[in-house]
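Asks: model the structure of this input:
(chains A, B, C and D)
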There are 2 protein chains.
Amino acid sequence: MTQLRKGLMELCLLRLLRGGESYGYEIVRRLRSLPALAVSESTVYPVLARLRAEGFVRVREAPSPAGPPRRVFSLSARGRARLAEYNAHWNAVIADLDSISHPSPKESDP
Amino acid sequence: MTQLRKGLMELCLLRLLRGGESYGYEIVRRLRSLPALAVSESTVYPVLARLRAEGFVRVREAPSPAGPPRRVFSLSARGRARLAEYNAHWNAVIADLDSISHPSPKESDP
DNA sequence: GCTGACTACTATGCTTTCCGTAGTACGTCA
DNA sequence: TGACGTACTACGGAAAGCATAGTAGTCAGC
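Replies: Numbering: from 1, shown residues only, chains lettered A, B, ... in the order given. The predicted model follows:
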């Protein structure tokens, strides 16, 4: 089932950041609360680095109440465009998969 | 975007076979007609082999009107159980991803 | 009876992504 | 000072999809 997540993390993070800026550690915690998408640091940080390298997110430093400073990520304009593309593709996948389940209304298996 | 398909092929094939038995070449053609799931032989055949090795599908030989005999696949009882599991997980993924998009009903960005 | 086209499947090697495990370093509080 | 929570980094492995190429069976048409 872990394979189903391949390529989904990017969409997850873009969507998360659309709701407002956040930092790695918090993102990990929020994703952990979703059973089907639960991931660990070693998954999230590389994706964030990738998104940053491609200019989809911006980073700024912010002090933490306890611990080292945070790297706070926020969506860039390119990131928003990317998210739109990604959402479209994701919806297409869902639609196509649905079309397999319901091939035509004439067939109904008992 | 190809990464989004990781782990999805198994679900695709199980769903396709739920609608009735089929063989590799036809499955490839049917998937090619779905833009978001379009794949080639080199993707489909290994997945079919995997499903067969794990007992999720049965195989029988059938003559072809033109060409070598076909290997016709059909869902086994285990395969149907697997499909149910897979569907449940898939729906969970969709739900969790949706919950990211709509974190709480108080926020609505224009 | 040979060529070409279509059918059906096989083989190999690469790339990407997720993830387990481990480690580093900062800061507060007792 | 040392234990604890925070925040991030590094490394290696595994699995799936996919490009590319190849094998082989059957039939049509000349």
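Asks: so which bits of chain A are right by DNA strand D?
Replies: A:3, A:23-26, A:41-42, A:45-46, A:49, A:64-71 (C-beta under 7 Å from any atom of the strand). Quick note: C-beta positions are derived from backbone N, CA and C, even for glycine.
Asks: please enumerate the strands of chain A.
Replies: Taking DSSP state E, the strands of chain A run over residues A:22-23, A:57-62, A:70-75.
Asks: reformat these as JSON lines; add mean neighbour count and mean pLDDT.
Replies: Listed next are the strands of chain A as JSON lines, based on neighbours: other C-beta atoms under 10 Å in any protein chain shown; pLDDT from 0 to 100:
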{"stretch": "strand A:22-23", "mean neighbour count": "18", "mean pLDDT": "96"}
{"stretch": "strand A:57-62", "mean neighbour count": "15", "mean pLDDT": "95"}
{"stretch": "strand A:70-75", "mean neighbour count": "18", "mean pLDDT": "96"}
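Asks: which one of these lies closest to B:His89?
Replies: When the strands of chain A are compared by C-beta to C-beta, strand A:22-23 sits nearest B:His89, at 26.1 Å.
Asks: got the contact list for the spatially closest residue to A:Gly20 that is not a sequence neighbour?
Replies: Using C-beta to C-beta, 6 or more residues apart in numbering or on different chains and skipping the chain neighbours, the partner closest in space to A:Gly20 is A:Ser74 (7.9 Å). A:Ser74 is in contact with A:Leu17, A:Gly20, A:Glu21, A:Val57, A:Arg58, A:Arg60, counting by C-beta atoms under 8 Å, 6 or more residues apart in numbering or on different chains.
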